[in-house]
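Enquirer: Fold the following for me, if possible:
(4 chains)
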2 protein chains.
Amino acid sequence: MPRNTNKRERLIGAADRLILRQGFKQTTLSDIANDAGVPLGNVYYYFKTKREIGETIVRTRIDVTRQWLDECSRETDPRERLLKFLEFPACNREALAESGCALGTLSYELRHSGSPLDEMSRPLMDVMLEWTERQFAEMGRSDASDLALQFVASLQGMCLIANALTSPEIIDRLVEHNRRWLQSL
Amino acid sequence: MPRNTNKRERLIGAADRLILRQGFKQTTLSDIANDAGVPLGNVYYYFKTKREIGETIVRTRIDVTRQWLDECSRETDPRERLLKFLEFPACNREALAESGCALGTLSYELRHSGSPLDEMSRPLMDVMLEWTERQFAEMGRSDASDLALQFVASLQGMCLIANALTSPEIIDRLVEHNRRWLQSL
DNA sequence: GTCTATAGAGGGATAGAC
DNA sequence: GTCTATCCCTCTATAGAC
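Expert: As a prediction, the model looks like this:
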């Protein structure tokens, strides 16, 4: 076990930031090393391969998402939990318009990477789908699975369009629509 | 002007197919040359740079989409046009689950390419958004712009999720939902 | 117009000194 | 544990014969 876990975390932070902006393939190890203030050769002390960095970032993003979902789960009413969840895109409108969804962009890229890394694409989507479905189920909806699909699809599509048009307003409009939709259920 | 436009079209076809499966960055010129049965060096007679191939593919995909939209525009009722449009994902469920949407995947990748090519991401989305909005407007909806956004977001999200889970059933379920939604308007 | 050979740059990965 | 130097492969692009 390395002592200086600080350096490892700086590398992960840099990789996460750069991959969000540029994608995984586009991001080079020297990009990451420079951004983290670590010499290139030293990266290999913390990660055996670039692939391993990719796997770490996938796990990190799933963890960060789970943390936000746990935060939302504190609300007593399941509908309130889903409404709370919408605060994330609402508060990150510019970042989403600039770089897209951290889960969605990575998921799409990994599925086209032609490497075993593409198997990590499914868990990236499942984390949101499963939590969302649970909330609709707790609302007593027998069609919870369909509603979850509609909800997540709407949000993922929202990010893709907002990113294509570089338009935070797209986020505003679709978040508002989803709010009203949740209220109407 | 080259005589053997057949060869150029074979290269475009190969590039389009490979980029859909592997993404633009991942697809090498020798991949394309091999798939088209053209020697590597000869590619440069038809395209000055790889970038130029990318631009051509973007234009091709927009054109193919326009052709389908024109086909749909033949229906007299705007609602029927939108329902007709849904036949595309319905008939291409396996391909969409395998590789995602030809417009959406490319749009997301280009926005993260860090090259001037990323400006082509907007027209990729606009072609669908504008046509869709026009149909809702002709249905007499003053909120046509919002409805178009909801519709396209739902479809783009659908493709992303179906691709992440490699599940054509996701396409079936969300197409069916959108059908009912259109009927209910 | 077609094709071979290869230049040139970039990037993942390693060797080995400290 | 840290860092420099470098290997080696891949990929874009070009030179130049036919």
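Enquirer: Now the longest helix belonging to chain A: average pLDDT?
Expert: Counting residues, the longest helix found in chain A (DSSP state H) is helix A:50-73. Taken as a whole, helix A:50-73 carries a mean pLDDT of 98.
Enquirer: Could you list the residues in contact with the worst-scoring helix or strand of chain A on mean pLDDT?
Expert: None of the helices or strands of chain A scores lower by mean pLDDT, DSSP states H and E than helix A:5-22, at a mean of 95. Contacts of helix A:5-22 with the rest of the structure, by Cβ atoms under 8 Å, 6 or more residues apart in numbering or on different chains, involve A:2, A:27, A:31-33, A:35-38, A:42-43, A:46-47, A:53, A:56-57, A:60-61, A:98-99, A:102, A:105-106, B:112, B:114. C-betas here are computed from N, CA, C, even on glycine.
Enquirer: one more time with 6 Å
Expert: A:27, A:31-32, A:35-36, A:46, A:53, A:57, A:99, A:102, B:112, B:114 (Cβ atoms under 6 Å, 6 or more residues apart in numbering or on different chains).
Enquirer: Next: stretch A:174-185.
Expert: Contacts of stretch A:174-185 (Cβ under 6 Å, 6+ apart): A:79, A:82-83, A:86, A:89-90, A:154, A:158, B:153.
Enquirer: How about stretch A:29-44?
Expert: So stretch A:29-44 is contacted by A:10-11, A:14-15, A:18, A:50 (Cβ under 6 Å, 6+ apart).
Enquirer: near DNA strand C, anything from it?
Expert: Yes. Residues of stretch A:29-44 contacting DNA strand C under Cβ under 7 Å from any atom of the strand: A:29-30, A:40-41, A:44.
Enquirer: Which positions in stretch A:137-148 come out as buried?
Expert: A:137, A:139, A:141, A:144, A:146-148 (16 or more other Cβ atoms under 10 Å in any protein chain shown).
Enquirer: how far is it from where the chain is centred?
Expert: 23 Å (Cα atoms, centre = their mean, to the nearest Å).
Enquirer: same question, stretch A:164-174
Expert: The answer for stretch A:164-174 is 17 Å, by Cα atoms, centre = their mean.
Enquirer: Flag every buried residue along it.
Expert: A:164-168, A:170-171, A:173-174.
Enquirer: Which positions within stretch A:30-45 qualify as buried?
Expert: A:31-33, A:35-36, A:38, A:43.
Enquirer: Could you dump those into a markdown table with secondary structure and pLDDT added?
Expert: Output for those, formatted as a markdown table (DSSP: H, G, I helix; E, B strand; the rest coil; pLDDT from 0 to 100):
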| residue | secondary structure | pLDDT |
| --- | --- | --- |
| A:31 | helix | 98 |
| A:32 | helix | 98 |
| A:33 | helix | 98 |
| A:35 | helix | 97 |
| A:36 | helix | 97 |
| A:38 | coil | 96 |
| A:43 | helix | 98 |
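Enquirer: Kindly reformat the residues you listed as JSON lines containing distance to DNA strand D.
Expert: Conversion of these to JSON lines gives the following (distance: Cβ to the nearest atom of the strand, whole Å):
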{"residue": "A:31", "distance to DNA strand D": "14"}
{"residue": "A:32", "distance to DNA strand D": "13"}
{"residue": "A:33", "distance to DNA strand D": "9"}
{"residue": "A:35", "distance to DNA strand D": "14"}
{"residue": "A:36", "distance to DNA strand D": "10"}
{"residue": "A:38", "distance to DNA strand D": "6"}
{"residue": "A:43", "distance to DNA strand D": "9"}
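Enquirer: will you turn these into TSV that also has distance to residue A:67?
Expert: Output for these, formatted as TSV (distance: Cβ to Cβ, whole Å):
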residue	distance to residue A:67
A:31	26
A:32	23
A:33	27
A:35	23
A:36	22
A:38	26
A:43	26
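Enquirer: Quickly list the domain ranges of chain A.
Expert: Per the record, chain A has its domains at A:1-47, A:58-184, by automatic domain parsing.
Enquirer: of all these, which lies closest to residue B:131?
Expert: Nearest to residue B:131 among those is domain A:58-184 (14.3 Å), distances taken as Cβ to Cβ.
Enquirer: and that closest one, is it in reach of DNA strand C?
Expert: No. Against DNA strand C, domain A:58-184 shows no contacts by Cβ under 7 Å from any atom of the strand, the least distance being 10.4 Å.
Enquirer: For chain A, which residues score under the pLDDT cut-off?
Expert: A:1-5 (pLDDT under 70).
Enquirer: At the contact with chain B, which residues of it appear?
Expert: A:22-23, A:25, A:104-105, A:107-108, A:111-112, A:114, A:121-122, A:125, A:153-154, A:156-158, A:160-161, A:163-165, A:174 (Cβ under 6 Å from any Cβ of the partner chain).
Enquirer: Just the buried subset of those residues, please.
Expert: A:22-23, A:25, A:104-105, A:107-108, A:111-112, A:121-122, A:125, A:153-154, A:156-158, A:160-161, A:163-165, A:174.
Enquirer: Now go through these and say which are in helices.
Expert: Using DSSP H, those in helices are A:22, A:104-105, A:107-108, A:111, A:121-122, A:125, A:153-154, A:156-158, A:160-161, A:163-164, A:174.
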